[in-house]
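Asker: test case, fold it:
(chains A and B)
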Number of protein chains: 2
Amino acid sequence: MKAKTSFNPVCPIPISEYPNVLLAHGGGGKLMHNLIGDMFVKEFENPLLSAMHDGAVFGVGKERLAFTTDSYVVDPLFFPGGNIGTLAVNGTVNDLAMCGAKPLYLSVGFILEEGFGMENLWRIVQTMKSEAVKAGVQLVTGDTKVVDRGKGDGIFINTAGVGVVEHDLEISPASVQAGDAILLSGDLGRHGIAIMAAREGLEFETEIESDCAPLAPVIMKLIDEGIEIRCLRDLTRGGLASALVEIAEGCGHEINIEENAIAVREDVRGACEILGFDPMYLANEGRFVLFVAETDAEHALEIMNPMLVDSVPSKIGRVSESNSGDVILKSRIGANRIVDMFTGEQLPRIC
Amino acid sequence: MKAKTSFNPVCPIPISEYPNVLLAHGGGGKLMHNLIGDMFVKEFENPLLSAMHDGAVFGVGKERLAFTTDSYVVDPLFFPGGNIGTLAVNGTVNDLAMCGAKPLYLSVGFILEEGFGMENLWRIVQTMKSEAVKAGVQLVTGDTKVVDRGKGDGIFINTAGVGVVEHDLEISPASVQAGDAILLSGDLGRHGIAIMAAREGLEFETEIESDCAPLAPVIMKLIDEGIEIRCLRDLTRGGLASALVEIAEGCGHEINIEENAIAVREDVRGACEILGFDPMYLANEGRFVLFVAETDAEHALEIMNPMLVDSVPSKIGRVSESNSGDVILKSRIGANRIVDMFTGEQLPRIC
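Answerer: This next block holds a predicted model:
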């Protein structure tokens, strides 16, 4: 007979308030942050997970490796600028890049719904192959499950990635220092608006395409050129705002940013105004923030500029001497406001 | 503007015959074998994936690593002997062990359905923690997605695993040689029957519990003791029959096994007779086949015997000099028959 698990009946998420999982528990905002922090990270407790980075970095023998995973449940599966396969490769490759790792290998887990069109699967598989080639990674192991009709939604894809860390930088919120410059790799919100428009059948004057793109080449180049990267984060669920709030919490410093320096394309801004979204919280799939010493900032921007497809990097702020752990936005009209995570669900199933 | 993927319109799965994904495409039989072999492996083409092992083994610098993934969609989520969390840890740990790797780290991707009970999530998370501790692995990185009500089925879990290979054995169907002994780690079918009984509300005289268990300790011990393992396979979807057919295909030799030597518990056999299942095809979650040189067979059984919980290993056959690539079963009454993969779906959503 096997030893049974003895269960702790006291759930770390207050059951009276949240008896059931809500969409917002996966939305990138406060509820997701609490579910992950209070239940998963506390129960599975270990220093690698507690770092709450985009992936885990650990040593195996003489090598330093990075390991990360994401599941993709985007709705709709096909959208301007890509499909679920584009995200499934680039999302995980980008998480490895955010650890400062050179991406090497991906695993793929398909969860297919009975009745999903074989031709759509074939298009997605071809997309994954071509994105993997572009990103320089190989899909080396996988799994296929099929669930009965009505118990899935066409296709969900999980990818996990392994990369190698070939430098001694500690890229982490804990490495951020007062005075560091904060760089943003391009304009915000295209992916979120592209998904929303495709889902709701909205048409804008210009078609807004997802910004989904592999970020590893530019990160590897920054490291090769000797930029001392303090912290990196790609701006997926929860957008720029949530990334900065997590980093400020992690380093304890106050972060100051300027709205004027944050690029948002005119058509994206227009769509946000119509739909009631704030671009600061919109998901992106090809954008990141980079924290570097102020003395490295200009050089980093020079390196990034020619390598980014269809986007222009900028310096958007600096890390303050204050230890408030807050993110302060100086608005276009000069007023300061505290940036927080959002508490609800901006856009479910964005990736 | 980004370069678009140019799609090959000719789907490698015949669309006229299979316009849509069927449950059997995930069932561990022929259709799944064809989907993986003809679409995924051919499109993602690389030697690691083409090996079609339980995981990929590759070098990074001076280290040799194993990497594997599985998604878990078992129905029901809780069953005699475990729950989806038991499988999500042990299934992936066991796949690493089948590569001859020492399991180190797991990633976890949760796909939750809106409305899933928070207390059930908490029980599953606690199970994963306790199984991870038993298996000696850490859960170091993760992801959480929530899909809208009716677009999932409570909870799906993906885990990927990284392990280290600390020996020079090439554990693979290609290493199997004529004359090798084939060892089976215990009786067949308990997991499949436990799930089926729980799903359909069947009651047998004795409760049949899943055989789900971590297999890494016994595999590590076999390697430490110098057993030259040729090939290993755990007997999940598709059961013993499918594992042997894949290995026979991979090595090209004929495989001969004896029905008399294959243990099936009386209650499991009775349930199979009532339900019309063949134990050779039933899924197990704590059983494996082991191919070793005939001269190592007795020693291997001696090592395995005290380490297996609640099961007795046995020698069930040998690899023939013939290059037919067939699996031949000598039945209880002495007749020979060719064992094939099944073409339909024995039990969907078994893991």
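Asker: quick check: buried residues in the strand or helix carrying A:E302?
Answerer: Assigned by DSSP states H and E, A:E302 falls within helix A:297-307. Within helix A:297-307, the residues that count as buried by 16 or more other CB atoms under 10 Å in any protein chain shown are A:297, A:300-301, A:303-304. C-beta: built from backbone N, CA, C; applies to glycine.
Asker: show the subsequent helix or strand relative to it.
Answerer: Next in sequence after helix A:297-307, counting helices and strands by DSSP H and E, comes strand A:314-319.
Asker: elements contacting the next helix or strand after that next one?
Answerer: Downstream of strand A:314-319, the first helix or strand assigned by DSSP H and E is strand A:327-330. Here strand A:327-330 touches helix A:239-251, strand A:255-258, strand A:336-339, going by 3 or more CB pairs under 8 Å, 6 or more residues apart in numbering or on different chains; DSSP states H and E.
Asker: and A:E114, which of these is closest to it?
Answerer: When these are compared by CB to CB, helix A:239-251 sits nearest A:E114, at 35.0 Å.
Asker: alpha carbons of the closest one, as CSV, please.
Answerer: This file holds the C-alpha atoms of helix A:239-251, laid out as CSV (Å, rounded to 0.1, in the frame of the first residue of the first chain):
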residue,chain,number,x,y,z
GLY,A,239,1.8,44.6,-20.1
LEU,A,240,4.5,47.1,-19.2
ALA,A,241,2.7,48.2,-16.0
SER,A,242,2.6,44.7,-14.4
ALA,A,243,6.2,44.0,-15.4
LEU,A,244,7.4,47.2,-13.8
VAL,A,245,5.3,46.6,-10.6
GLU,A,246,6.8,43.1,-10.2
ILE,A,247,10.4,44.4,-10.8
ALA,A,248,9.9,47.2,-8.3
GLU,A,249,8.5,44.8,-5.7
GLY,A,250,11.5,42.5,-6.4
CYS,A,251,14.2,45.1,-6.0
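Asker: list the helices and strands that helix packs on?
Answerer: If contacts are counted by 3+ CB pairs under 8 Å, 6+ apart, helix A:239-251 sits against strand A:229-234, strand A:255-258, strand A:288-292, strand A:327-330, strand A:336-339.
Asker: re the thing from before, now, which of the buried residues of helix A:297-307 sits nearest A:D234?
Answerer: Nearest to A:D234 out of these is A:M304 (CB to CB; 13.9 Å).
Asker: skipping its backbone neighbours, what lies nearest the closest one in space?
Answerer: In space, and not counting its chain neighbours, A:M304 is closest to A:P313: 4.5 Å by CB to CB, 6 or more residues apart in numbering or on different chains.
Asker: quick check, central residue of chain A?
Answerer: Central residue of chain A (CA atoms, centre = their mean): A:T236, 3.4 Å from the mean position.
Asker: related to what we said a few turns ago, want to throw the helices and strands packed on helix A:239-251 into JSON lines with mean pLDDT, mean neighbour count and distance to A:G117?
Answerer: Output for those, formatted as JSON lines (pLDDT from 0 to 100; neighbours: other CB atoms under 10 Å in any protein chain shown; distance: least, CB to CB, whole Å):
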{"stretch": "strand A:229-234", "mean pLDDT": "97", "mean neighbour count": "24", "distance to A:G117": "31"}
{"stretch": "strand A:255-258", "mean pLDDT": "98", "mean neighbour count": "22", "distance to A:G117": "44"}
{"stretch": "strand A:288-292", "mean pLDDT": "98", "mean neighbour count": "25", "distance to A:G117": "34"}
{"stretch": "strand A:327-330", "mean pLDDT": "98", "mean neighbour count": "21", "distance to A:G117": "44"}
{"stretch": "strand A:336-339", "mean pLDDT": "96", "mean neighbour count": "12", "distance to A:G117": "42"}
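Asker: closest to B:Y281 out of these?
Answerer: Closest among those, once you apply CB to CB, is strand A:229-234, at 44.3 Å.
Asker: relative to the whole chain's centre, how far out is the closest one?
Answerer: With CA atoms, centre = their mean, to the nearest Å as the basis, strand A:229-234 stands 12 Å off its chain's centre.
Asker: residues making contact with it?
Answerer: The list of residues contacting strand A:229-234 from outside it, by CB atoms under 8 Å, 6 or more residues apart in numbering or on different chains, reads A:54, A:94-95, A:97-100, A:169, A:171-173, A:175-177, A:180, A:215, A:219, A:222-223, A:243, A:246-247, A:251, A:284-285, A:287-293.
Asker: any idea of the angle it forms with strand A:314-319?
Answerer: Comparing the axes of strand A:229-234 and strand A:314-319 via axes from the mean of the first three to the mean of the last three CA atoms, to 10 degrees yields an angle of 120 degrees.
Asker: kind regards, and thank you for your time.
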